[in-house]
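In: model this:
(one chain, ligands or ions: 1)
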Amino acid sequence: MWSVLSERWRARREAAALERRAVPDALWRRTLKRFPFLPQGEAEGEPELRRLTSLFLDAKEFTGAHGLVVSDDMAVAIAAQACLPVLAMGLAPYDGFVGIVVHPGQARVRRSVSDDIGVVHEYDDILSGEAVQGGPVMLSWRDVRSAGPKAALGYNVVIHEFAHVLDMADGVPDGIPTLPRGIDRGTWIETFGSEYAAFCERVDADQHTTLDPYGAEGVDEFFAVASEAFFVSPPALATEHPAVYDLLRRYYRQDPATRLAGRGPE
Ligand SMILES: [Zn+2]
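Out: You can find the predicted model right below:
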């Protein structure tokens with residue numbers, strides 16, 4: 001009885017949120033046009049993306065930094081791209097944080113590290129985005145906005161940061177998100193470990209790579225940059241890292257290469 005009631009309560013709350021945060025048609029069409037890697041049409045999952053986008057807007061709090069006012073267009077651009085990775089999983093993996101801080105451009109943050117002999121070194125880090133355990137997620141609007149033209153290069157700052165959120169949902173940023181039953185953890189570690197090692201060698205040798213060389217910073221970054229390419233430039237990832245593509249396809253339960261190939265010429 002209780003579960004029936006709570007299920008009904010949940011459905012009612014969700015219906016109210018969808019109404020409260022409905023994305024107007026014109027704004028939604030504009031968003032799909034700006035970010036053509038998003039699902040278009042029912043067969044690609046567009047209605048589900050739009051539904052998740054509304055629920056995301058209802059659950060999260062957007063704050064502009066340095067006087068930036070976060071418009072509806074900006075919030076929807078961020079929400080729709082953030083919901084793409086979880087299109088087939090729902091928003092539960094994003095429950096661990098609420099805040100999204102949008103900077104006008106890249107943010108400079110002061111870092112300090114102590115070296116082996118305990119000397120503290122300070123330096124500035126320039127960030128397009130950042131995800132930390134428990135949130136908030138920080139994003140540079142300039143980088144978010146350019147996601148359409150940058151897709152061909154495999155770049156997407158929103159997907160990058162939300163891949164970190166998925167990775168950290170189990171408390172550890174190690175490039176291993178919470179895996180569904182069908183994916184063996186050992187296989188994941190082995191595949192990502194060997195692909196990452198080979199990738200680092202190529203980056204060290206200054207060879208051209210499909211993935212952002214930043215992925216060589218750590219296996220958690222490798223998972224994040226592979227996730228970016230998976231969604232915005234999938235044939236390139238499938239060609240250069242087929243084993244990674246296959247694991248991401250099974251993890252995200254989406255096949256963006258097939259999705260985009262099925263569209264034909266514009
Ligand atoms: Zn990162």
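In: Flag every residue of the stretch 1-150 of the chain that's near the ion.
Out: Within the stretch 1-150 of the chain, no position is near the ion by CB under 5 Å from the ion. For every residue, glycine as well, the C-beta is placed using N, CA and C.
In: can you rerun that using 8 Å?
Out: Residues of the stretch 1-150 of the chain found near the ion (CB under 8 Å from the ion) are 129-131.
In: Among those, which lie within helices?
Out: Among these, no member is found in helices (DSSP state H).
In: got the contact list for stretch 107-116?
Out: When contacts are defined by CB atoms under 8 Å, 6 or more residues apart in numbering, stretch 107-116 is touched by residues 65, 120-127, 130, 138, 140.
In: Show me the helices in the protein, by range?
Out: Secondary structure of the chain (DSSP H): helices at 2-20, 25-34, 46-59, 72-83, 141-145, 147-150, 157-168, 185-204, 219-232, 234-240, 242-252, 256-261.
In: Please give the centre-to-centre distance between the third one and its chain.
Out: For helix 46-59, the distance between its averaged C-alpha position and the chain's averaged C-alpha position is 15 Å (CA atoms, centre = their mean, to the nearest Å).
In: Show which residues not belonging to that helix make contact with it.
Out: Outside helix 46-59, the residues that reach it (CB under 8 Å, 6+ apart) are 14, 17-18, 20-23, 28, 32, 38-40, 75-76, 79-80, 82-84, 86-87, 90-91, 94, 98.
In: Quick one: buried ones out of those?
Out: Neighbour counting over these (16 or more other CB atoms under 10 Å) leaves 17, 21, 23, 28, 32, 38-40, 75-76, 79-80, 82-84, 86-87, 94 as the buried ones.
In: coming back round to it: single out the most deeply packed of the helices of the chain.
Out: helix 219-232 (a mean of 26; mean count of other CB atoms under 10 Å).
In: and that one, average pLDDT?
Out: Mean pLDDT, helix 219-232: 98.
In: Check stretch 141-157 too.
Out: pLDDT averaged over stretch 141-157 gives 95.
In: Pull the contacting residues for the closest residue in space to residue 30 that isn't next to it in sequence.
Out: Among residues not flanking residue 30 along the chain, residue 73 sits closest, at 7.1 Å (CB to CB, 6 or more residues apart in numbering). Contact partners of residue 73, counting by CB under 8 Å, 6+ apart, are 27, 30-31.
In: Quick check: the gap between the spatially most central residue of the chain and residue 203.
Out: With distances taken as CA atoms, centre = their mean, the residue of the chain nearest its centroid is residue 159 (2.2 Å). To residue 203, residue 159 is 20 Å away according to CB to CB, to the nearest Å.
In: Also residue 112?
Out: 26 Å.
In: Could you do residue 252 as well?
Out: Taken as CB to CB, the span from residue 252 to residue 203 is 25 Å.
In: count of neighbours near residue 214?
Out: 15 (other CB atoms under 10 Å).
In: again but with residue 35, I slipped
Out: Residue 35: 20 neighbours (other CB under 10 Å).
In: again, but for residue 132
Out: 14.
In: hang on, the earlier thing: can I get the buried part of the contacts of stretch 107-116 as one PyMOL selection?
Out: The following PyMOL line selects those of the contacts of stretch 107-116 that are buried, judged by 16+ other CB under 10 Å:
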select buried, resi 127+130+138+140
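In: quick one: which of the contacts of stretch 107-116 is nearest to the ion?
Out: residue 130 (7.7 Å; CB to the ion).
In: who does that closest one bridge with?
Out: Beta-bridge partners for residue 130, by DSSP bridges, are residue 138.
In: who touches it in this structure?
Out: Taking CB under 8 Å, 6+ apart, one finds 107, 109, 137-138, 161 in contact with residue 130.
In: Show the pLDDT at residue 1.
Out: On the pLDDT scale, residue 1 gets 56.
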